[in-house]
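Asks: got a predicted structure here, sequence first:
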Amino acid sequence: MSLSSQSELESRKRAAAARAVDEVENGMVVGLGSGTTAAFALEALAVRVANGLRISGIPTSERTAALARQLNIPLTGFDAHRRIDLTIDGADEVERHTLDLIKGLGGALLREKIVAVASDRMIVAVDDSKLVDRLGTHARLPVEIASFGWQVTIDRLTGIGCSPRLRMIDERPFMTDGGNLIVDCAFDGTIDRRVFDALLASVIGVVESGLFIGLASKVMVGRADGAEVIER
Ligand code: A5P
């Protein structure tokens with residue numbers, strides 16, 4: 001990617017993230033997503049916190065927690081709060097007519113999903129390349145699996161038609177914050193995704209999938225000329 005298209009993409013992500021952060025109000029518990037777009041949201045949130053906004057955040061990854069601390073965004077956890085008012089997160093694909101998502105390219109899908117389901121509202125911030133007519137257009141489906149016995153879990157995933165690929169980084173298996181592994185599965189967006197998700201969950205060794213069905217309430221799509229808001 002050329003430098004100019006990289007900075008163009010960055011400005012689309014920033015536009016979406018800034019629009020999402022506009023929705024944060026005083027006193028909220030905010031779920032803090034992971035990934036580059038969520039990091040831009042953290043930067044925008046930090047500016048508002050520095051100007052007096054009182055919120056506390058629940059981070060979805062160690063990386064996000066570290067960035068939030070660096071930016072002086074107060075953090076909290078589920079020990080203090082069982083519900084989250086609003087979560088802002090990115091996504092790898094957003095299906096336009098359903099707002100269903102594929103997430104997990106950054107490897108934080110388990111914590112992201114725990115935070116999303118505990119949230120009254122989930123706002124997703126993406127650049128316009130992530131918007132698709134059907135899930136599975138560009139992205140494979142990340143599935144988090146236990147590291148113990150991963151070989152048999154992968155065999156079982158193959159058995160249900162996933163064609164799983166173990167995610168590697170620097171020639172080693174990628175490890176999540178929770179010490180699990182990720183496999184990236186082929187995903188056919190035309191099948192019944194709730195049934196498929198239940199089938200994935202039935203495989204012993206599968207921890208969670210990156211299918212986020214019915215969780216996003218609003219999507220901010222960053223474009224060259226600003227952010228488009230798509231609501232459920
Ligand atoms: C992290 O696990 C993912 O779910 C991210 O939300 C996703 O990969 C989007 O990241 P970017 O904003 O960096 O594209």
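Replies: Everything's here; your move. Residues are numbered from 1 along each chain as shown.

Asks: so which elements touch the least confident helix or strand in the chain by mean pLDDT?
Replies: Least confident element among the helices and strands of the chain, by mean pLDDT, DSSP states H and E: helix 3-21 (a mean of 94). Helices and strands touching helix 3-21, by 3 or more Cβ pairs under 8 Å, 6 or more residues apart in numbering; DSSP states H and E, are helix 36-50, strand 84-89, strand 119-127, strand 218-223, strand 226-231. C-beta here means a position set from N, CA and C on the backbone, and glycine is covered the same way.

Asks: closest to the ligand out of these?
Replies: With Cβ to the nearest ligand atom, the closest approach to the ligand among those belongs to helix 36-50: 3.3 Å.

Asks: so that closest one, near the ligand or not?
Replies: Yes. Part of helix 36-50 sits near the ligand under the criterion Cβ under 6 Å from any ligand atom, namely Thr36, Thr37.

Asks: now the angle from that helix to strand 218-223?
Replies: Helix 36-50 and strand 218-223 are oriented at 100 degrees to each other (axes from the mean of the first three to the mean of the last three Cα atoms, to 10 degrees).

Asks: what's the first helix or strand after helix 36-50?
Replies: Next helix or strand after helix 36-50 toward the C-terminus (DSSP states H and E): strand 56-59.

Asks: by contact count, what packs against that next one?
Replies: strand 29-32, helix 62-70.

Asks: hmm, Ile58 and Gly77 touching each other?
Replies: Yes. Between Gly77 and Ile58 a contact is recorded at 6.1 Å, counting by Cβ atoms under 8 Å.
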